[in-house]
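Chemist: From the sequence below, what's the structure:
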Amino acid sequence: MAARIRLTRMGRHKRPFYRIVVADSEKPRDGRFIEILGTYDPLSNPVTVRIKEDRAVEWLKKGALASDTVKQLFRTTGVLKQFPAAKAG
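Modeler: Got it, this is the predicted structure:
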């Protein structure tokens with residue numbers, strides 16, 4: 001099983017809201033997940049990002065790969081500063 005940290009879409013029509021989750025890489029985008037790491041609301045002003053930083057770093061240490069969007073969110077919230085190996089990837 002290869003774990004991925006990615007977004008899963010929630011919310012209603014034209015009002016997206018995302019959860020940052022750890023899921024098996026073979027599961028569909030909105031399918032089954034292992035753990036919720038946080039939330040991302042792109043429509044709020046300013047944009048709201050809440051992440052359980054300790055759990056995110058723990059999953060990165062276990063070898064979970066973050067999607068490009070999640071990696072950018074981690075970069076803006078400072079999670080990647082806590083995990084140096086994720087910067088290179």
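Chemist: For residue 53, which non-adjacent residue is spatially closest?
Modeler: Using C-beta to C-beta, 6 or more residues apart in numbering and skipping residues adjacent in sequence, the residue nearest residue 53 is residue 79, 5.3 Å away. For every residue, glycine as well, the C-beta is placed using N, CA and C.
Chemist: how near is that neighbour to residue 32?
Modeler: The span separating residue 79 from residue 32 equals 24 Å under the rule C-beta to C-beta, to the nearest Å.
Chemist: about what we covered before: correct me, but the residue nearest to residue 53 touches residue 57?
Modeler: Yes - under the contact definition of C-beta atoms under 8 Å, residue 79 touches residue 57, with a separation of 6.5 Å.
Chemist: Those two: which has the busier surroundings?
Modeler: Counting neighbours by other C-beta atoms under 10 Å for residue 79 and for residue 57 shows that residue 79 has the greater number, 24 against 18.
Chemist: so the residue nearest the centre of the chain bridges to which residues?
Modeler: Centrality entry for the chain: nearest residue to the mean C-alpha point is residue 20, 3.6 Å, by C-alpha atoms, centre = their mean. Partner residues in beta bridges with residue 20: residue 7, residue 38, with DSSP bridges as the criterion.
Chemist: Tell me the pLDDT of it.
Modeler: Reading off the confidence values, residue 20 has pLDDT 95.
Chemist: Next, the contact list for it, please.
Modeler: Residues in contact with residue 20 (C-beta atoms under 8 Å, 6 or more residues apart in numbering) are 5, 6, 7, 36, 37, 38, 39, 40, 51, 56, 70, 73.
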